[in-house]
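Undergrad: based on what follows, work out the 3D shape:
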Amino acid sequence: MTTARAARVPVSVEERWEQFHRWGPYALLALSTVISALSVNAFGMTRAEQYTAGALVVLAVVLQLCWGRTGRGLSLHEREPSTAGLVYYGLRTVIAFVLTWLNPLFAIYAVLGYFDSGHLLPERAVRAGLLVHAVIMAGSQSGGLPPAGALQWALFAGLLLLNGSLTLVFAHLGRRESEIAAERSATITELEQANFRLEQALEENAGLHAQLLVQAREAGVADERRRLAAEIHDTIAQGLTGIIAQLQVVTATSDPELAREHLNRAAALARHSLGEARRSVQNLGPTALDHDTLAEALKKTVVEWAERTGVDARFTVTGTEEPLHDEVAATLLRIAQEALANTARHAGARRAGVTLSYMGDEITLDVRDDGRGFDPLVLRPRSGANGFGLDGMRARAERIAGAVTVESEEGGGTAVSARVPLVRHA
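TA: Okay, the predicted model is just below:
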């Protein structure tokens, strides 16, 4: 029993109205026929009037059957007033009027006109149809048509006024229901159009997605080439430059001890460059970050750079240190190495400072020196050893949605600041 109740599907109000308009005419006609047959003597119907009423009842059934075959194709709110509906409504109204004239109790059947005039008649004819049924109902309620005397005429007039007022209410309700149906139809149309546009957008999106994939592959190849070029410059090229500088000292001196010292330095640089080259082939990650955090690697880099160049260099960390994504850490370390290399080559500085700052969702790296400085507005040629200097640092930062700014003036030192998003290690 519980399962059967749970399986029942709720019937909506619209479906109940559909059932009423389909089966209601038969039920009301049958009820009015039975009651009228029982009251034949009360209203003094002659045998001819009884035969006439019986024939009209049969005609009403036939009319309803014909309408049932032609008028059920659409739901109640989807039907539009038509010639067939107008003919059906008119014939049914005439039959109801004559039946009520013969026996006032047939008004039970005539009441149907109040319920479907808004669906069957054009909007301009709805009130007229309701007024006709108001006359039928008033005649039935006053004792039958035509009124027999002055009192019955007065009663008929009052009841007609009452029923006429009711028609206004029914007309308003019918018009409101039509507006709701029109709004519902417009909403459905808009949803269908929106669905069509959505399908088109999805098709276009699929095409754009395929196009973006191709562009992403091409951009990835170009980006990887730039990364390799920058990586070679920051590691192997700098090592080779240092080796050349050491060998030039060897060729220019006659002191065996000094020559041996610079040869040892050249050999050490060569081994370091070879290690960087092997590491570049493997994963392009700085070896300094294999076992150290970014802050530890930067501190060692600054100490080694200061010992090699003789410049007084300090390293500072501000904020709460956090584990960084490998790409972020590698980018900042390479920018620091390039900035320090530029300071050693061009600045002639006595002091330098490197500051790493953790600032919520961002991390900044500042490299400052008190060297000779330069004019940042003067573009330097991208060739030779300096081909990937400032441009390379900017490219590295932009690759991870960051930026590099340079502040410098002749005789006032240089400050390189890199600001990138703080992406934590997975």
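Undergrad: quick one, helices of this structure?
TA: 2-7, 13-38, 47-70, 83-102, 107-110, 113-120, 126-141, 150-232, 238-252, 256-282, 294-309, 326-342, 390-399 (DSSP state H).
Undergrad: for the shortest one, what is the distance to the chain centroid?
TA: Averaged C-alpha coordinates place helix 107-110 at 55 Å from its chain's average position (CA atoms, centre = their mean, to the nearest Å).
Undergrad: what's it in contact with?
TA: 25, 28-29, 31-33, 35, 60, 93, 96-97, 99-100, 133, 136-137, 139-141 (CB atoms under 8 Å, 6 or more residues apart in numbering). All C-beta atoms are positioned from the backbone trio N, CA, C, and that covers glycine.
Undergrad: on that earlier part again, and the helices of the chain, which one is worst for confidence?
TA: Lowest mean pLDDT within those: helix 2-7, at a mean of 48.
Undergrad: let me see the contact set for the residue nearest to Gly164 when sequence neighbours are not counted.
TA: Sequence neighbours aside, Ala134 is the residue nearest to Gly164 in space, at 4.9 Å (criterion: CB to CB, 6 or more residues apart in numbering). Listed by CB under 8 Å, 6+ apart, the contact partners of Ala134 are Leu160, Asn163, Gly164, Leu166, Thr167.
Undergrad: at 10 Å what do you get?
TA: 113-114, 127, 159-168, 170 (CB atoms under 10 Å, 6 or more residues apart in numbering).
Undergrad: can you check Gly373 too?
TA: By CB under 10 Å, 6+ apart, the contact set of Gly373 is 346-349, 407-415.
Undergrad: pull out the buried residues from the residues you listed.
TA: His346, Ala347, Ala349, Ser408, Gly413, Thr414, Ala415 (16 or more other CB atoms under 10 Å).
Undergrad: in strands, which of the residues you listed appear?
TA: Ser408, Thr414, Ala415 (DSSP state E).
Undergrad: and which of these is nearest Ser39?
TA: When those are compared for distance to Ser39 (CB to CB), Ala415 wins out at 110.1 Å.
Undergrad: distance check, the closest one against Ala84.
TA: From Ala415 across to Ala84, the span is 89 Å (CB to CB, to the nearest Å).
Undergrad: isn't Ser117 up against Tyr89?
TA: Yes: counting by CB atoms under 10 Å, Ser117 touches Tyr89, with 7.0 Å between them.
Undergrad: what residues do the two have in common as contacts?
TA: The contact lists of Ser117 and Tyr89 share Ala125, Gly129, where a contact means CB under 10 Å, 6+ apart.
Undergrad: low-confidence bits of the stretch 301-426 of the chain, can you list those?
TA: In the predicted model, the stretch 301-426 of the chain carries pLDDT under 70 at residues 378-388, 426.
Undergrad: winner for burial among the helices of the chain?
TA: helix 107-110 (a mean of 24; mean count of other CB atoms under 10 Å).
Undergrad: may I have it exported as PDB, CA atoms only?
TA: Extracted C-alpha coordinates of helix 107-110, given in PDB (Å, rounded to 0.1, in the frame of the first residue of the first chain):
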ATOM      1  CA  ALA A 107     -28.800  26.000 -16.500                       C
ATOM      2  CA  ILE A 108     -26.500  23.500 -14.800                       C
ATOM      3  CA  TYR A 109     -25.200  22.600 -18.300                       C
ATOM      4  CA  ALA A 110     -25.300  26.300 -19.500                       C
END
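Undergrad: contacting residues for the closest residue to Cys66 other than its chain neighbours?
TA: Once flanking residues are discounted, Cys66 sits nearest to Tyr88: 7.9 Å by CB to CB, 6+ apart. Counting by CB under 10 Å, 6+ apart, Tyr88 touches Leu63, Gln64, Cys66, Trp67, Thr70, Gly71, Ser82, Asp116, Leu120.
Undergrad: one more time with 7 Å, if that's ok
TA: Leu63, Trp67, Leu120 (CB atoms under 7 Å, 6 or more residues apart in numbering).
Undergrad: could you dump these into JSON lines and include distance to Glu192?
TA: Formatted as JSON lines, the contacts of Tyr88 follow (distance: CB to CB, whole Å):
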{"residue": "Leu63", "distance to Glu192": "37"}
{"residue": "Trp67", "distance to Glu192": "30"}
{"residue": "Leu120", "distance to Glu192": "28"}
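Undergrad: centre-most residue in this structure?
TA: Centroid-nearest residue in the chain: Leu198, 10.9 Å away (criterion: CA atoms, centre = their mean).
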